[in-house]
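Visitor: Everything below, folded, please.
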Amino acid sequence: MRLLSFGHGYSAKALAKELQPAGWTVRATTRTQKKYNQIEDFGIKVRLWPDRKLLDDIEWATHILVSIPPNKYGDPVLFEFQEKIIEKCKGLSWVGYLSTTGVYGNHNGDWVDEQTPTMPTTIRGKNRVEAENKWMTLFKENCLPVHIFRLAGIYGPGRGPFSKVKSGVARRIVKKNQVFSRIHVDDISQVLVSSMTAPNPGVIYNVCDDDPAPPQDVISYAAELLGLPEPQEVCFEDAELTEMARSFYAESKRVKNNRIKDELRISLKYPNYKEGLISLLENENRLDNPVISSLRE
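Guide: Numbering: from 1, shown residues only. Down below sits the predicted model:
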């Protein structure tokens, strides 16, 4: 099997780590020479975006993963390579588009599922909806085997709260009725692998854990695991946040994940943030001290 990964970032790297030992060959794109070298070190053939040699890579691929976010002009992959992808439709077994649960917009903490209408309030969310629609149009009009994965907030190795808590810069920002859904990168990988194993084109999957929670609870639990004082609580209205950070607090919802369980038979490795954080800290401790005792004991 041959995977072409457009925008080989955090989630795509975790997927490749699962696929390569199983005999898959992976090719990927990136925008910087530094990332090019890092990806190449894992035995992956890399193109600096948007190399026209990607036309040959599309012809080569049996599976395509799209992680590049859309911009104000639309989806970059479709802008550059839509004609070639359509031409290759019959030779592709699976196309995965990584989207975001941000497409649902604000639901004041209520539950949403894949049938919930998309009503994004941010520019990023609106761009995602437009990109999703374009990929689904290719499925409907050209039988492209498209699968859309709406990812919740991603965490995992190198993307946890511990460094901020240890450094003393972490804050517990509190906004009434604010909840986020999350997903560990290893669970993203197993969802993608399961879908690639049993494709069902035209389907949308929410990819999140079982336990939506207020962001301040996650910070508090990280501090508890570290044995450090609980970080300062700050009212959202008083918090000095970047425009990007503030936009994440504009929407509150709980995301259902029944479809990945019922259709893809997924049993989450980390069904809640507590189990995920324990695992992250155990791994960090093993790197620092291979004989350290488990946090679970």
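Visitor: Quick one: list the elements packing against the helix or strand containing Glu132.
Guide: According to DSSP states H and E, Glu132 maps onto helix 123-142. Counting contacts by 3 or more Cβ pairs under 8 Å, 6 or more residues apart in numbering; DSSP states H and E, helix 123-142 packs against helix 76-87, strand 94-100, strand 146-151. (Each C-beta comes from the backbone N, C-alpha and C, glycine too.)
Visitor: contact partners of the longest one?
Guide: Which is helix 76-87. Residues outside helix 76-87 that contact it (Cβ atoms under 8 Å, 6 or more residues apart in numbering): 6, 49-50, 54-55, 58-59, 64, 66, 68, 70, 73, 92, 95, 131, 134-135, 138, 142, 144.
Visitor: Give me the angle between that helix and helix 123-142.
Guide: Interaxial angle of helix 76-87 relative to helix 123-142 (axes from the mean of the first three to the mean of the last three Cα atoms, to 10 degrees): 10 degrees.
Visitor: So for the helix holding Glu132, what gets flagged as buried?
Guide: Across helix 123-142, burial judged by 16 or more other Cβ atoms under 10 Å covers 124-129, 131-132, 134-136, 138-139.
Visitor: What of stretch 37-45?
Guide: Those buried within stretch 37-45 under the rule 16+ other Cβ under 10 Å are Ile39, Ile44.
Visitor: same deal with stretch 101-114?
Guide: For stretch 101-114, burial by neighbour count (16+ other Cβ under 10 Å) applies to Thr101, Gly102, Val103, Tyr104, Gly105, Asn106, His107, Val112, Glu114.
Visitor: hang on, the earlier thing: angle of the helix holding Glu132 against strand 146-151?
Guide: Going by the same axes, to 10 degrees, helix 123-142 makes 160 degrees with strand 146-151.
Visitor: what sits up against helix 123-142?
Guide: For helix 123-142, the surrounding residues in contact (Cβ under 8 Å, 6+ apart) are 66, 69-72, 74-75, 78, 82, 85-86, 89, 95, 97, 99-100, 102-103, 105, 118, 120, 144-146, 148, 201-202, 204, 247, 251.
Visitor: I appreciate the help and will end here.
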